[in-house]
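Q: Sequence and predicted structure, then a few things I'm wondering about:
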4 protein chains.
Amino acid sequence: MNSQTKPLVISVPEPRTLDLIFTPAQKQKLFDSYEVVETAPDRFALLGDAVLARAVYIIGQPPISDQTLAKLASLRCVLNVESNLINNMPYETLFQRGIHVVTTGAVFAEPVAELGLGLALDLFRGITEADIAFQQGRERWGGDGNTSARLLSGADIGIVGFGDLGRALNRLLTGFRAQIKVYDPWLPPSVLVENNVTPASLDAVLTQSDLVFVVAAVTSENQGFLDARCFARMHRGAALILLSRADVVDFPALIDAVESGHIVAASDVFPQEPLAADHKLRQLKGFLRSAHRAGALDIAFKRMGDMVLEDMSLMDRGLPPMRCKRAERETVSRMRSRPVDKN
Amino acid sequence: MNSQTKPLVISVPEPRTLDLIFTPAQKQKLFDSYEVVETAPDRFALLGDAVLARAVYIIGQPPISDQTLAKLASLRCVLNVESNLINNMPYETLFQRGIHVVTTGAVFAEPVAELGLGLALDLFRGITEADIAFQQGRERWGGDGNTSARLLSGADIGIVGFGDLGRALNRLLTGFRAQIKVYDPWLPPSVLVENNVTPASLDAVLTQSDLVFVVAAVTSENQGFLDARCFARMHRGAALILLSRADVVDFPALIDAVESGHIVAASDVFPQEPLAADHKLRQLKGFLRSAHRAGALDIAFKRMGDMVLEDMSLMDRGLPPMRCKRAERETVSRMRSRPVDKN
Amino acid sequence: MNSQTKPLVISVPEPRTLDLIFTPAQKQKLFDSYEVVETAPDRFALLGDAVLARAVYIIGQPPISDQTLAKLASLRCVLNVESNLINNMPYETLFQRGIHVVTTGAVFAEPVAELGLGLALDLFRGITEADIAFQQGRERWGGDGNTSARLLSGADIGIVGFGDLGRALNRLLTGFRAQIKVYDPWLPPSVLVENNVTPASLDAVLTQSDLVFVVAAVTSENQGFLDARCFARMHRGAALILLSRADVVDFPALIDAVESGHIVAASDVFPQEPLAADHKLRQLKGFLRSAHRAGALDIAFKRMGDMVLEDMSLMDRGLPPMRCKRAERETVSRMRSRPVDKN
Amino acid sequence: MNSQTKPLVISVPEPRTLDLIFTPAQKQKLFDSYEVVETAPDRFALLGDAVLARAVYIIGQPPISDQTLAKLASLRCVLNVESNLINNMPYETLFQRGIHVVTTGAVFAEPVAELGLGLALDLFRGITEADIAFQQGRERWGGDGNTSARLLSGADIGIVGFGDLGRALNRLLTGFRAQIKVYDPWLPPSVLVENNVTPASLDAVLTQSDLVFVVAAVTSENQGFLDARCFARMHRGAALILLSRADVVDFPALIDAVESGHIVAASDVFPQEPLAADHKLRQLKGFLRSAHRAGALDIAFKRMGDMVLEDMSLMDRGLPPMRCKRAERETVSRMRSRPVDKN
């Protein structure tokens, strides 16, 4: 088809770039199938009325005023590849008009879950600690080096939050014959049962698990909900792995709980990123550190582009998007996430 | 029953101890169900003829001469809890007489497999390296820290050797949708197919895998079979994890392959244990070290005792042992393993 | 809470009844948690304006005019327990207002899939035919009775349609090591891949399968799409199992394909129900009959009530429904299904 | 290699034939790799001493006297393809000499398990009964035809016997989220736990299951152990599926239990085969009949040949057989099975 008949896409993927989220072949496919107008978020509203009127898809989440939205007469979908939802467009009007707002954050579930499992095995077996000791010539051999070693197979595992990431973790744990309890107040229990996990209260997850994965999204309501009282409820020696957002955890309380030897922990997210050079967490024993690296794999970004192409292809044929996750009227305003400032 | 009617067990578990391999409750069960005569390997032959004549089971692998074996008229099974097979008894005569020789090494499969997966995730995601960098204030955040990061999900994985340990690894990998190739010249291909892995030549495993687990037992025939030529056949950047015995690998060649940056590697076993304080492996970049700690978990040793009790219970009822692994006439002399000098 | 503060539910579940879809305990829970106003579809519009204004949920799919909808000022969700979508309400306005329309048809997936697998094993092994022969004293013993017997394990299986039912079938087939190809033009390929099935064209499904499950919903576009040409493309001796709607199949062509011996088949749905007493299908060899019994299990109906309660509970807390399936603007008008006249 | 250097195989597979158990390609491979001497069981002892002295493998289970065995100086393995063990050779001497006796019965596990699952789904959903009613114009539509229908998913399932067949059933049930209890007095509980089933007493299996699969081998000790008392312990309406040997069941008691409506049942084996033309079982309501057809699929017989070739190949290389099942000194005399008179 010639460009007159191709659906028009406005590409404004910042902080991503087209080259980050598309392989060369997929980018070619994007340009072959669509008329692509590239712009920057702060220049989005300045696109001519003719372009805005013909735009069917927006890749990105530029600020959109009521006035600009009124001009976007053909718009079917905002494909947000930043993946958090910033309050910079009139979502209610979008929903009224039946314009989908979808996010591509599911691409991070698999890489984050894999790192999470790696951190868990590291805490259970002291992998990093033992390698450092070995480098320094003070390793302990055989059983002498295993005084606190534990098996994940058959362990009691808790998961806080059962979105894409919780489900990816559950999948990776398939071979471990673990007993998995899940706390997720946003999901009906039967959805958990269907995924072969046991619905549980937060307290049950904390008190009955050898290992707790925290993968809950941060909302306007749950900031710092994992606090000193929570950590005190955990088993002595239990492990906590934080993979979602620093804001769901009271970090000073977490540091205390680890420093006192009550629990061990690992985290991929921190209250400030980068963390201060002299922050106590840097040397904290019983704590394993990852510098917000869990999801940011090239393969994850490239899968964003795949999802975008698949869903635009469905919408081209009059079908709803099925691959990306849809923003919901009920929850869009509750999801409170800082803009991404680093890929 | 009184001790006259209980089957007699000679306990000579060295280098293990009864307290290592039995929980207090299981040890009580042993003494309740059997008449237990405890001795040391070098005193075994000195037990009185009356005791030897009544012994039904031996827990351990003491040296047994032809002469002593002739006195062991009631013997049904040698339950070797060291798990390697030392050439210190007339196996052929044992087999002729229908006396089982069984080993409990399967208890190590699960803990070793878990450490192996942990090492693999560490190499794929740089967990240890990133934590060390973080401690030293030189961590890289987000995608900047992931330049060599890879996913295990969907990866091409090779396994060399498919005994208990290879199978345990395969089970842990269930949730990873990996393509798993296995080289095991001792197994017919259909056994591999039945376990959902693909039978392959050693060369195919080496050249087509992103990650190779080496879990082959050492025999009189395969010492050092993984040599410079093998490592050269691997993908640039591929990972090798050695979990079984150091003797199957040409270590100097492995060090060269890692030092040159061609592959990355991790090992739980070393040519000398403990390793010399100034050994190059201690500082080698791209190499992750574990001081023969993979299997020696308390829970693994305790499972030895469970296995011993389960199999003696079967034999008490006239059934063959089903839980421990039986030594085979064909292979007993090929398995060449040093005595265990450390639990 | 007293009834003044309980959310108001209008119950109009025809053709279901509250007693069909709720256990006594769940029905009690419904009445404890909500103010329930029961009515019949043709009396729905006659409810007083005060009731309509306060109604938060509707259980059922009564006809709703624009005028009545305007009165339903508090309405959040229509919970359609008939499960098909009849064109008797202004869906576009509902969607604009952010009122969810959800269906409970997923409850049928598991029972239908189980019957489907039972029919498949019956066709592959001649279970019904062999039992009839046995009753009549003309059974053939051992291998003589197995000339056309086949294994499902390792078979090439096709699934046409991959909604809840296709996924339930895929789950039941987990233990069969089958190669499963799926044709579903409404789904992006990656969703299929994620479910461990292979995306395929309809022709590939037909020509490369030993067994084809037809579980596609009928739409305004796909009536009779499985026709003589399709059946001719199947393997000689292949099996076709129809579980969704009779309208997707050209029945005279299917009868011809079975009668000629080209394929074997089973169906739970028929062009007329009940089928004429002298219909050729009643005696057709190579054809297995089920009188639209696949889904209508009491346990399935009771799960409808569970889903309704779970989703109303989520919406009570300001969350979106997660358990029932949502009608979509894009597809609601395409789904063309006759009213259910029998539970 | 020329025939002088090929290992000599004596082929005496009766009641099988080489063409039954080998595909043409595999049979060719047999003759290419081995010098094959074909004979009949009653002529086996008449083979010349030179042939007997060179025979490495016997395919079949001909009668072997002590005298003949003494001549079989090179014999390494008897590959019994009838699969039951007849007491027609001096097993003790074979075992003393380290000659393996192996059977190929495992090939039947998969086909028998599939039929078993098909019979179970048939009993749970009335598939055969409903088809017969449909043929006769008295079918009941929808829920009316489902008054006794049940789901297998989530059911409590019992398995009596956990050899190859019990394990194959367990595998097929993977996708059903069933609670599976197993009674097998020959296996230690941990083997069951490792297979994700729950070890249980026979009484627990009978009283707590919706469905019981009987797959226990018949031994000298367990004839008729499933008797009237056992059936009375089952749930009213529970289903029993007999797949192994008729002799483990008291058939008159089973008939009573089904006739009274207490349980429903299906069987592939019968006290007399063929069953008398006027036997009550032929018309018994609530009973589903299969004329010993569960295992006798061509593909199963062909897999026997594959197993034989794989294990001979291992033994050619000095390794023990791994694919066929080995006869055990302890149990060989307990396994009491009639000769197979029909493939």
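A: That came through, no problem. None of the values given here were measured: they were computed from a predicted structure.
Q: is chain C contacted by the lowest-mean-pLDDT helix or strand in chain A?
A: Every helix and strand in chain A was compared by mean pLDDT, DSSP states H and E; the lowest is helix A:189-194, with a mean of 93. Yes - legend: contact between helix A:189-194 and chain C by Cβ under 8 Å from any Cβ of the partner chain is shown at A:189-191. Every C-beta, even on glycine, is put in place using the N, C-alpha and C of the backbone.
Q: Now which of these would you call buried?
A: For those, a burial check counting by 16 or more other Cβ atoms under 10 Å in any protein chain shown picks out A:189, A:191.
Q: rewinding a little: list the pairing partners of the following helix or strand past the least confident helix or strand of chain A within its sheet, with orientation.
A: Using DSSP states H and E, the next helix or strand after helix A:189-194 towards the C-terminus is strand A:198-199. Partners of strand A:198-199 in the sheet, by DSSP bridges, are strand A:179-183 (parallel).
Q: Return the distance of the partner strand from the chain's centre.
A: When distances are taken as Cα atoms, centre = their mean, to the nearest Å, strand A:179-183 is centred 19 Å away from the chain's centroid.
Q: Identify each buried residue in it, please.
A: Under 16+ other Cβ under 10 Å, the buried positions of strand A:179-183 are A:180-183.
Q: before we move on, what about stretch A:188-201?
A: Neighbour-count burial for stretch A:188-201, counted by 16+ other Cβ under 10 Å, picks out A:188-189, A:191-192, A:197, A:199-200.
Q: which residues in the stretch 201-343 of chain A form strands?
A: Per DSSP state E, counting those that start in this stretch, the stretch 201-343 of chain A carries strands over the ranges A:211-214, A:239-242, A:264-267, A:287-289, A:325-326.
Q: any chance of those in CSV, plus mean pLDDT?
A: Shown next, in CSV, are the strands of the stretch 201-343 of chain A (pLDDT from 0 to 100):
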stretch, mean pLDDT
strand A:211-214, 98
strand A:239-242, 98
strand A:264-267, 98
strand A:287-289, 98
strand A:325-326, 96
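Q: Now distance to chain C and mean neighbour count too, for these, in JSON lines please.
A: Formatted as JSON lines, those follow (distance: least, Cβ to the nearest Cβ, whole Å; neighbours: other Cβ atoms under 10 Å in any protein chain shown):
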{"stretch": "strand A:211-214", "distance to chain C": "20", "mean neighbour count": "28"}
{"stretch": "strand A:239-242", "distance to chain C": "24", "mean neighbour count": "26"}
{"stretch": "strand A:264-267", "distance to chain C": "27", "mean neighbour count": "24"}
{"stretch": "strand A:287-289", "distance to chain C": "30", "mean neighbour count": "24"}
{"stretch": "strand A:325-326", "distance to chain C": "10", "mean neighbour count": "18"}
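Q: of those strands, which approaches chain D most closely?
A: Nearest to chain D, of all the strands of the stretch 201-343 of chain A, is strand A:211-214, at 20.9 Å by Cβ to the nearest Cβ.
Q: Does chain D have contacts with the least confident helix or strand of chain A?
A: No - shown here: helix A:189-194 not in contact with chain D (Cβ under 8 Å from any Cβ), separated by at least 9.0 Å.
Q: The strands of the stretch 201-343 of chain A: which one's closest to chain B?
A: Smallest distance to chain B across the strands of the stretch 201-343 of chain A (Cβ to the nearest Cβ): 4.0 Å, for strand A:287-289.
Q: quick one: which of the buried residues of stretch A:188-201 is nearest chain C?
A: Distance to chain C across the buried residues of stretch A:188-201 (Cβ to the nearest Cβ) is lowest for residue A:188, with 3.6 Å.
Q: count of neighbours near the closest residue in space to residue A:247 that isn't next to it in sequence?
A: With sequence-adjacent residues excluded and distances taken as Cβ to Cβ, 6 or more residues apart in numbering or on different chains, residue A:247 is closest to residue A:218, at 4.4 Å. Applying other Cβ atoms under 10 Å in any protein chain shown, we find 22 residues neighbouring residue A:218.
Q: is it true that residue A:218 touches residue A:242?
A: No - taking Cβ atoms under 8 Å as the definition, residue A:218 is not a contact partner of residue A:242, at 11.4 Å.
Q: okay, and the common contacts of the two?
A: Common neighbours of residue A:218 and residue A:242, using Cβ atoms under 8 Å, 6 or more residues apart in numbering or on different chains, are residue A:248.
Q: Enumerate the residues of chain A near chain D.
A: So chain A meets chain D at A:177, A:196 (Cβ under 8 Å from any Cβ).
Q: how's chain A carved up into domains?
A: Annotated domains of chain A cover A:8-104+A:298-326, A:108-289 [automatic domain parsing].
Q: closest to residue D:212 out of these?
A: Nearest to residue D:212, of all the domains of chain A, is domain A:108-289, at 24.4 Å by Cβ to Cβ.
Q: Off-centre distance for the closest one?
A: Distance of domain A:108-289 from the chain centroid (Cα atoms, centre = their mean) equals 15 Å.
Q: wait, does stretch A:188-196 contact chain B?
A: No - in terms of Cβ under 8 Å from any Cβ, no part of stretch A:188-196 sits within range of chain B; the closest distance is 11.7 Å.
Q: Can I get that stretch in CSV, CA atoms only?
A: Provided in CSV are the C-alpha atoms of stretch A:188-196 (Å, rounded to 0.1, in the frame of the first residue of the first chain):
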residue,chain,number,x,y,z
PRO,A,188,-10.0,-12.7,43.3
PRO,A,189,-8.8,-15.9,45.0
SER,A,190,-9.9,-18.2,42.2
VAL,A,191,-7.5,-16.6,39.8
LEU,A,192,-4.7,-17.5,42.2
VAL,A,193,-6.0,-21.1,42.6
GLU,A,194,-6.2,-21.5,38.9
ASN,A,195,-2.5,-20.7,38.8
ASN,A,196,-1.7,-23.4,41.4
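Q: mind listing the helices in the stretch 51-200 of chain A by residue range?
A: A:66-71, A:91-96, A:109-125, A:127-135, A:164-172, A:189-194 (DSSP state H, counting those that start in this stretch).
Q: Please identify the most buried of the ones you listed.
A: Of all the helices of the stretch 51-200 of chain A, helix A:109-125 has the most neighbours on average by mean count of other Cβ atoms under 10 Å in any protein chain shown, namely a mean of 26.
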